[in-house]
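Chemist: The following block contains a protein sequence and its predicted model.
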4 protein chains.
Amino acid sequence: MTKVKFSVAGLGRIGKIHLENLLQMENVEVVAVMDPMEECRKYAQEKKIPHIASTFQELLAIAPVDAVVICSPTDTHADYVEMAAKAGIHIFCEKPLDLSMQRVVQVLEVVDKANIKLMLGFNRRFDKEFKRVHDLVKEGAVGQPHLVKITSRDPGAPPVSYIKQSGGLFLDMTIHDFDMARFVVGKEVEEVYAKGAVLVDPAIGEAGDIDTAIVTLTYTDGTMAVIDNSREAAYGYDQRIEVFGSKGMAQADNNYEDSHRLYTKQGIQGSLPLHFFLERYAAAYRSEMDSYVASLKNGNAVAVDGRDGLKSLQIGLAAIKSLKEKRPVKIVEIKN
Amino acid sequence: MTKVKFSVAGLGRIGKIHLENLLQMENVEVVAVMDPMEECRKYAQEKKIPHIASTFQELLAIAPVDAVVICSPTDTHADYVEMAAKAGIHIFCEKPLDLSMQRVVQVLEVVDKANIKLMLGFNRRFDKEFKRVHDLVKEGAVGQPHLVKITSRDPGAPPVSYIKQSGGLFLDMTIHDFDMARFVVGKEVEEVYAKGAVLVDPAIGEAGDIDTAIVTLTYTDGTMAVIDNSREAAYGYDQRIEVFGSKGMAQADNNYEDSHRLYTKQGIQGSLPLHFFLERYAAAYRSEMDSYVASLKNGNAVAVDGRDGLKSLQIGLAAIKSLKEKRPVKIVEIKN
Amino acid sequence: MTKVKFSVAGLGRIGKIHLENLLQMENVEVVAVMDPMEECRKYAQEKKIPHIASTFQELLAIAPVDAVVICSPTDTHADYVEMAAKAGIHIFCEKPLDLSMQRVVQVLEVVDKANIKLMLGFNRRFDKEFKRVHDLVKEGAVGQPHLVKITSRDPGAPPVSYIKQSGGLFLDMTIHDFDMARFVVGKEVEEVYAKGAVLVDPAIGEAGDIDTAIVTLTYTDGTMAVIDNSREAAYGYDQRIEVFGSKGMAQADNNYEDSHRLYTKQGIQGSLPLHFFLERYAAAYRSEMDSYVASLKNGNAVAVDGRDGLKSLQIGLAAIKSLKEKRPVKIVEIKN
Amino acid sequence: MTKVKFSVAGLGRIGKIHLENLLQMENVEVVAVMDPMEECRKYAQEKKIPHIASTFQELLAIAPVDAVVICSPTDTHADYVEMAAKAGIHIFCEKPLDLSMQRVVQVLEVVDKANIKLMLGFNRRFDKEFKRVHDLVKEGAVGQPHLVKITSRDPGAPPVSYIKQSGGLFLDMTIHDFDMARFVVGKEVEEVYAKGAVLVDPAIGEAGDIDTAIVTLTYTDGTMAVIDNSREAAYGYDQRIEVFGSKGMAQADNNYEDSHRLYTKQGIQGSLPLHFFLERYAAAYRSEMDSYVASLKNGNAVAVDGRDGLKSLQIGLAAIKSLKEKRPVKIVEIKN
């Protein structure tokens, strides 16, 4: 079996996870990596990566690869994807492609012409909990879905500097939930109503964002979903889902450090949730990359494509408009 | 200790529950009951109730009492409460007082003038699960509340004939959740956004109502709540709550027939929820009446007063308006 | 429908429970009660019991009844049962009939001759949790049973004075578990190995008893059971069961005050178990009496008969012998 | 940082796990492996291990290492450990060292003289669930321990051929539970009473072994433990623990494929346990090796030493004697 040759662009937190997963895969060879930071390149040296670049252009030139994993900052995604696509290289790109609909549409046109496989990093689809609920819904175990409920809360707010350039709560955080809402029932969203507040940190409000939200989605067939978000859950990362339908309900609970229970005079106690996405989704990141590599090997469609990214972005932009205009917003209102 | 003399008007499902609870209370004497139906009066005879009437007027005349429990059909509540109040009798009345804000305001004026104790039957406040979450919130265990989530689903839809006169989903079913939303965090609702659909039974849609809903409430301080409702949960009655705040989250699970788990090659299985409100809230109905009797004995304020009924009705009417006008509705828009 | 006429002998904690349950039953009339203590007779007066006696002889003479409920001290059970049986009265008697095998055999002979229905108060058989596991086993849901595990721990030790006359841990506490071990799989015990220690309170050891135990039972077909006991669980009453068999496992969890969970920075917290048997088995006591009254009405065999009491006593005496002789003891070794 | 040079002897199921974990560790270099089977050596070639041997002698000669991991068949452990110790190499050896007490004592003498670090593979001590309960007990969260309960059931029986040479249930399976019983409360066992039966497969009985057991252990201070085992749990691998003490109880539940719950008209359903030890203890195997490497780096004592292996073997031999002689057996009765 010939190995798939990979490069990785960007060795931040997520880049390192993808790199380490790729290094453990039998059918993959990591040929080159790129990062503008000295420290990250040193890390790559220790991992004995053959070629190490400091710019994306250099990465493309340094060694021929079959596919590139893009984990660089969000504002570089669109350009890098276009460059790689034009070079005929398959692409795995962390979400989002861009914060502008128009730019994403442009990029996807380039990708389509290049006839390469672009997969987006909506890692939660590969989490065993969410996947199980998705599978149960698909098998018809809950009948016709009526209500989807997604709880998604972070253990702590990111720095305000991050929020200023991330697109805000709906585009950097809820966007995962928008993708999940589409994925779990396999339906498209038609309308969004977003309600938000600044309850965690006034500095977030001053930066023009919110930190707490309830978003109601309506699918094209009348099914409804509700997402609740907070930037700061005192007890830690909270990721749960529930799909209620004509024949029943499928739920997945949050994941915890362990299952222990301590019974004392004071009551029953148990462990906190797994700290954050790195811990909770460690296995999902690996499955995600396995899925992408399998697509490259067997020629099947990727599990999450560019259009999935576009759709989630569109819902996110509709949520922003809804919050601003204090009314439900149709997805078709979001054109670019 | 002198016993509180009670009469009961209306011996339907709920009337019988209240009657049987009153009969078991040491400090209560049930002096008289009233029901227009022969069969219900026969039931009262078997219970050896001293005086049995067939109209409310007759009930008031047949024997002097301290308090009356009104469980007759909704459209009689306002009149009976006024009559009892004018007679100087304390009143426990099943919700709602009336489906019209204007009429409720009138009735409450009569009650105020009469200087009697009126308590409304929002039984869920006395359920051990909801009460516990309320108490934890009150003690500050979750810090400042940010999000309230209420799941409320019935095991099956009522007959369409009932829906036609009940005021519909928001006034006959969600109204309990509106009261709970106010109760659990002790805050007032300012705005309502209701999204609904007919997903269970088209006949409900033909009758002008919905059977599935997601309602977002905003409190005056920016805190948010979301309620999800269905007229038909295949697995049975589903009553859960979650309050998320700056210091943590308090949840109460649904209640089940038993806690057993069966582990086989096919997976793990457990029991269904307690069937419906009579089973789930049996103890709550008793605590509710204990609470009312205690108020009469010790002169304290009742746990749920006429204004609580008015507030929930107002939220319900705002939800109806929101659904119709497809926009968030301020509570102050609902005047009568 | 004619009502079954009942009397109640002994109005201690359990006697009051049975009396109040009987008073609520439609097909029952409580005609007379008996208690040597003034205070208990006063309680009966408040309950408006027609006839109130202070000795068992007086109770039998004061009014004719169909059945008597015996809740007097253990050392009176055998005599009272014989007296009632000879008077042709059906009997519900709290366990045990007596602490001596020989005496129990004598009493059962009198009962057999009298042709009356004697039921013993092994209330746990009527608990919804244990009953469910029993039913699942009976339906074959776990296949052929291999292992039974019973956890039974009290919230606090009784006074040493009680222990001195109760027969000790195995006869006053574990005896319920011995009955459960037989009931849940419908098999007879052949051998007992008991290991015990004084870990809770040295005063219990000084009184000649133990406060902590692990008892291994072997059924006639090789199936095994293990019971673990403690006189003092800091977190409260703990009553669980597990039956493991060729096709799977059925478990029932302990019962808790409520299902709430509080999530904070410190972890997850929940409520304590229901305090003790009065709280945990309140519904079981009612079902137990319903079952007995139904047997009297329909002529069916009682759910728990004198032989069940004899068998549990025999297992208890074997456990005592095993503990003393530090070896497994066959049930057939216990003759009287 | 200089890397610790490792070799691995035996590339069966467990050997592969240890090899792959070692390959992922930053501070470790796998220099050589050995396996008599062609296929396993091929696997090592794919992993690019520098030196590949087919006998243990060859392995010791082929390249200098700091430590060797021994995962060859049980009957080679003693010889290999002695050879490695004499060569001055640190050793990680899968349990047991040998099935004979006498031989184990001999081996440990050689190890002691060689002054090398020998760690035994009792992997469950590194499982997050068991470790948590151990830590809670150590911190005093349950007070003085009174009762330990260990449930340990395999998803299916091994081939009878394996059972014939493994030492049987108590030495190949329960031995993990004996180690856990010592570890979780940090106390030594004084007496064993074992009860067993052939309930799963008569062929196991014909091979002279049992497949179902309840073993009661008594510690030197009177604390008691009970272990229940089955070779075949229809629902899968079942690994639970409970420690009950003067201040409360700490429990750890089994681990499941996922946390989902499906609610339908038929009841509630959930996922099965993780299939077997490879799935359940994947992370524990990694932590175990991390712990061993850390001991080598920092000079601390190993987490599980030769004496721990000796103690568990002794308890296992006592259990065999107890089963045979149908009586409790003191550990001191087992001399060799």
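Modeler: Yep, it's here. Numbers count the residues shown, from 1 in each chain, chains lettered A, B, ... in the order given.
Chemist: which one is the residue of the stretch 101-250 of chain A at minimum distance from chain C nearest to, not counting chain neighbours?
Modeler: Closest residue of the stretch 101-250 of chain A to chain C, Cβ to the nearest Cβ: residue A:235 (3.9 Å). Quick note: C-beta positions are derived from backbone N, CA and C, even for glycine. Nearest non-adjacent residue to residue A:235, counting by Cβ to Cβ, 6 or more residues apart in numbering or on different chains: residue C:263, 3.9 Å away.
Chemist: dump the residue contacts of the one you found.
Modeler: Each residue near residue C:263 by Cβ atoms under 8 Å, 6 or more residues apart in numbering or on different chains is listed here: A:233, A:234, A:235, A:272, B:248, B:249, B:250, B:251.
Chemist: If you rank those residues by neighbours, which is first?
Modeler: Highest neighbour count within the contacts of residue C:263, by other Cβ atoms under 10 Å in any protein chain shown: residue B:249, with 29 neighbours.
Chemist: which residue packs closest to that one, ignoring adjacent ones?
Modeler: Nearest one to residue B:249, counting by Cβ to Cβ, 6+ apart, is residue C:263 at 4.4 Å.
Chemist: which parts of chain A sit against chain B?
Modeler: Contact residues (Cβ under 8 Å from any Cβ of the partner chain) of chain A with chain B: A:143-144, A:146-147, A:149, A:151, A:153, A:193, A:195, A:197-200, A:212-214, A:216, A:218, A:222-224, A:226, A:228, A:230, A:232-235, A:238, A:244, A:246-249, A:326-328.
Chemist: Of these, select the buried ones using a ChimeraX command.
Modeler: Only the buried entries of the residues of chain A next to chain B go into this ChimeraX selection, using 16 or more other Cβ atoms under 10 Å in any protein chain shown:
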select /A:146,147,149,151,153,193,195,197,198,199,200,212,213,214,216,218,223,224,226,228,230,232,233,234,235,238,244,246,247,248,249,328
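Chemist: From the residues of chain A next to chain B, which land in strands?
Modeler: A:146-147, A:149, A:151, A:153, A:193, A:195, A:197, A:212-214, A:216, A:218, A:224, A:226, A:228, A:230, A:238, A:244, A:248-249 (DSSP state E).
Chemist: which one of the contacts of residue C:263 sits closest to chain D?
Modeler: For those, the nearest to chain D is residue A:272 (11.9 Å; Cβ to the nearest Cβ).
Chemist: where's the residue nearest to the closest one when sequence neighbours are not counted relative to residue D:258, distance?
Modeler: Of all residues not flanking residue A:272 in the chain, residue A:236 sits nearest, at 5.0 Å (Cβ to Cβ, 6+ apart). Using Cβ to Cβ, to the nearest Å, we find residue A:236 at a distance of 19 Å from residue D:258.
Chemist: about what we covered before: would you agree the residue of the stretch 101-250 of chain A closest to chain C is in contact with residue C:264?
Modeler: Yes. Contact criterion Cβ atoms under 8 Å: residue A:235 and residue C:264 qualify, at 5.6 Å.
Chemist: for the stretch 151-300 of chain A, which spans come out with low pLDDT?
Modeler: For the stretch 151-300 of chain A, no stretch is flagged by pLDDT under 70.
Chemist: Sketch out the helices for it, chain order is fine.
Modeler: Secondary structure of the stretch 151-300 of chain A (DSSP state H, counting those that start in this stretch): helices at A:160-166, A:169-172, A:174-185, A:202-206, A:277-280, A:282-298.
Chemist: quick one: which of those helices is nearest residue C:98?
Modeler: Proximity to residue C:98, assessed across the helices of the stretch 151-300 of chain A by Cβ to Cβ, is greatest for helix A:277-280 (60.7 Å).
Chemist: contacting residues for residue A:121?
Modeler: A:14, A:92, A:93, A:94, A:95, A:288, A:304.
Chemist: From residue A:13, how far out is the third one?
Modeler: With the distance defined as Cβ to Cβ, residue A:93 ends up 16 Å from residue A:13.
Chemist: Between those two, which has more neighbouring residues?
Modeler: The neighbour comparison of residue A:93 against residue A:13 (other Cβ under 10 Å) goes to residue A:93, with 25 against 10.
Chemist: burial of the closest residue to the more buried one other than its chain neighbours, as a residue count?
Modeler: Excluding its sequence neighbours, the residue lying closest to residue A:93 (Cβ to Cβ, 6+ apart) is residue A:70, at 4.3 Å. The tally of other residues near residue A:70 (other Cβ under 10 Å) stands at 26.
Chemist: got it, and residue A:27?
Modeler: 13.
Chemist: Am I right that it is in contact with residue A:293?
Modeler: Yes. Using Cβ under 8 Å, residue A:27 makes contact with residue A:293 at a distance of 6.4 Å.
Chemist: any common contacting residues for these two?
Modeler: residue A:4.
Chemist: how about the residues of chain A near chain C?
Modeler: A:233-235, A:256, A:263-272.
Chemist: measure residue A:137 to chain D for me?
Modeler: 10 Å (Cβ to the nearest Cβ, to the nearest Å).
Chemist: Just the pLDDT at that residue, thanks.
Modeler: We have a pLDDT of 98 for residue A:137.
Chemist: quick one: contacts for residue A:296?
Modeler: A:4, A:66, A:67, A:90, A:117.
Chemist: Return the distance of the residue most central in space within chain A relative to residue A:24.
Modeler: Centrality entry for chain A: nearest residue to the mean C-alpha point is residue A:122, 3.2 Å, by Cα atoms, centre = their mean. To residue A:24, residue A:122 is 22 Å away according to Cβ to Cβ.
Chemist: now residue A:13
Modeler: Taken as Cβ to Cβ, the span from residue A:13 to residue A:24 is 18 Å.
Chemist: mind listing what the residue nearest to residue A:268 when sequence neighbours are not counted touches?
Modeler: In space, residue A:268 comes closest to residue C:270 once its chain neighbours are excluded; the distance is 4.0 Å by Cβ to Cβ, 6+ apart. Neighbour list for residue C:270: A:267, A:268, A:269, A:270, C:256, C:259, C:260, C:261, C:262 [criterion: Cβ under 8 Å, 6+ apart].
Chemist: one more time with 7 Å
Modeler: A:267, A:268, C:256, C:260, C:261 (Cβ atoms under 7 Å, 6 or more residues apart in numbering or on different chains).
Chemist: Same check on residue A:19?
Modeler: So residue A:19 contacts A:8, A:11, A:30, A:33, A:47 (Cβ under 7 Å, 6+ apart).
Chemist: Name the member of those with the shortest distance to chain D.
Modeler: Nearest to chain D among the contacts of residue A:19, with distances taken as Cβ to the nearest Cβ, is residue A:47, at 9.5 Å.
Chemist: how close does the closest one sit to residue C:248?
Modeler: Distance from residue A:47 to residue C:248, by Cβ to Cβ: 47 Å.
Chemist: Measure how far stretch A:60-75 is from the centre of its chain, please.
Modeler: 18 Å (Cα atoms, centre = their mean, to the nearest Å).
Chemist: three-state assignment of residue A:119?
Modeler: strand (DSSP: H, G, I helix; E, B strand; the rest coil).
Chemist: mind checking pLDDT for it?
Modeler: For residue A:119, pLDDT reads 98.
Chemist: Would you mind measuring from it to residue A:86?
Modeler: When residue A:119 is compared with residue A:86 (using Cβ to Cβ), they lie 18 Å apart.
Chemist: Just want to know which of those two has more residues nearby.
Modeler: residue A:119 (26 against 14).
Chemist: Next up, the contacts around the more buried one.
Modeler: Contacts of residue A:119 by Cβ under 7 Å, 6+ apart are A:92, A:292, A:295, A:302, A:303, A:304, A:305.
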